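Undergrad: I'd like to go over a predicted model; first the sequence, then the structure.
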Amino acid sequence: MTISVSWATRARRPRGLTDARVRRAALTALAHGRRTEMELGIVFVDDATLARMHAEWLDDASRTDVITFDLGDDVHGPSGELYVSTERARDVAARRGLDVVREHLLYVVHGALHLCGFDDHQPRERARMRRAERAVLAELARLGA
């Protein structure tokens with residue numbers, strides 16, 4: 001399994017948000033969803049970039065926190081991409097008094113869980129997604145990640 005992390009934004013990376021922590025969060029979420037064979041690219045972008053992608057690919061021009069693309073099976077196995085808004089994570093963390101690193105990791109976990117078949121459009125599915133997010137974040141805390 002390969003998990004790549006890139007920063008396509010001018011925003012300063014939050015202190016403590018290392019590529020290793022991002023990879024660990026994604027891997028833990030994929031393990032929770034039994035998709036550990038997945039090749040995954042994680043790209044941190046600004047709000048404007050993610051809003052453009054949201055409009056282009058999902059026909060919704062509103063701001064969002066993470067977009068997930070399941071790219072299907074390729075030569076090396078299933079692959080996917082996550083695009084995470086660093087600005088959204090900072091804004092939400094500041095507004096709610098949360099840790100900004102944890103908020104970034106939550107978006108990574110959320111996106112990876114989407115690749116595992118979790119959804120959040122209906123109340124029942126959303127509750128299942130939230131339980132999975134809490135379980136993965138608790139595992140990360142237990143691991144000290």
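TA: Alright, I've got the coordinates.
Undergrad: hang on, residue 84 is in a helix, isn't it?
TA: No: secondary structure of residue 84 (DSSP: H, G, I helix; E, B strand; the rest coil): strand, not part of a helix.
Undergrad: from memory it sits against residue 44, does it?
TA: Yes: taking contacts as C-beta atoms under 8 Å, residue 84 lies within contact range of residue 44: 5.1 Å. (C-beta placed from N, C-alpha, C; glycine too.)
Undergrad: Each with direction, which strands does the lowest-mean-pLDDT helix or strand in the chain pair with?
TA: None of the helices or strands of the chain scores lower by mean pLDDT, DSSP states H and E than strand 66-74, at a mean of 83. Strand 66-74 pairs in its sheet with strand 77-85 (antiparallel), by DSSP bridges.
Undergrad: Buried residues, the strand it pairs with. List them.
TA: Residues 78, 79, 80, 81, 82, 83, 84, 85 are the ones in strand 77-85 that count as buried (16 or more other C-beta atoms under 10 Å).
Undergrad: Off-centre distance for that strand?
TA: Averaging C-alpha positions (C-alpha atoms, centre = their mean, to the nearest Å) puts strand 77-85 8 Å from its chain's average.
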